[in-house]
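Visitor: Provided below are the primary sequence and the corresponding predicted coordinates.
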Amino acid sequence: MSLFYRMTQQVQGTAAWRWYAGREPHERPIIAGLLFLIVAAVFWVAIWKPISDWRLLEANRYENAQRTWEWMQANESAARSQAQQAGSSGAGERSLMPLVTREANASGIRLNRLQPESDGAVSVVLQAQPFNTVVEWLDRLQKTHSIEVERISVDAEGQPGLVNVQIRLI
């Protein structure tokens, strides 16, 4: 007994086959065609489309990675020369954020906001801090780390001696 014959016998023993066999002869091709369309639609939705979408996504990722790699190769020498210039000028050797934070903690100043800017500067916001402490902290930053105040805005707080300050340090 062949495998195909055994499978045919198993299918013909099901309730679905008995229902199909009970239909009129002219209805059977229509039912078979609908069954084929349903199976094709399920195959498309469950298998073919996800694989196709995944392939397109991965091809797009590959192209983006390739363009990034080519851009990096094209700009490698410029980046290396800028890194050497920054290293030789000393500007690249220090980062303002840790220095500002460390000196503020040492002075007892609470930083409300510390935000790096694209040109290497740092914006600092202080609220309700003693004016004299802020001035001493800025003086220490300038003398010990050569950090300069580029812009400052000082506003009085409700209590005497306390100020709100916005500073841009370079």
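Guide: Great, that's in hand.
Visitor: could you point out which element follows the host helix or strand of residue 61?
Guide: Using DSSP states H and E, residue 61 sits within helix 49-89. Counting by DSSP H and E, the next helix or strand C-terminal to helix 49-89 is helix 96-107.
Visitor: where does the protein have low pLDDT?
Guide: 1, 86-94 (pLDDT under 70).
Visitor: try it again with 90
Guide: 1-2, 78-95, 118-120, 157-158 (pLDDT under 90).
Visitor: residues contacting the closest residue to residue 145 other than its chain neighbours?
Guide: Leaving aside its chain neighbours, residue 145 sits nearest to residue 99 (5.1 Å; criterion: C-beta to C-beta, 6 or more residues apart in numbering). Where C-beta positions appear, they are placed from N, C-alpha and C, glycine not excepted. Under the criterion of C-beta atoms under 8 Å, 6 or more residues apart in numbering, the neighbours of residue 99 are 141, 145, 147.
Visitor: closest one of those to residue 57?
Guide: residue 147 (47.1 Å; C-beta to C-beta).
Visitor: can you list phi and psi of the closest one for me?
Guide: Backbone torsions for residue 147, taken as degrees, to the nearest 10, come to phi -90, psi 120.
Visitor: quick one: it from residue 50, how far?
Guide: Remark: distance between residue 147 and residue 50 (C-beta to C-beta, to the nearest Å) = 56 Å.
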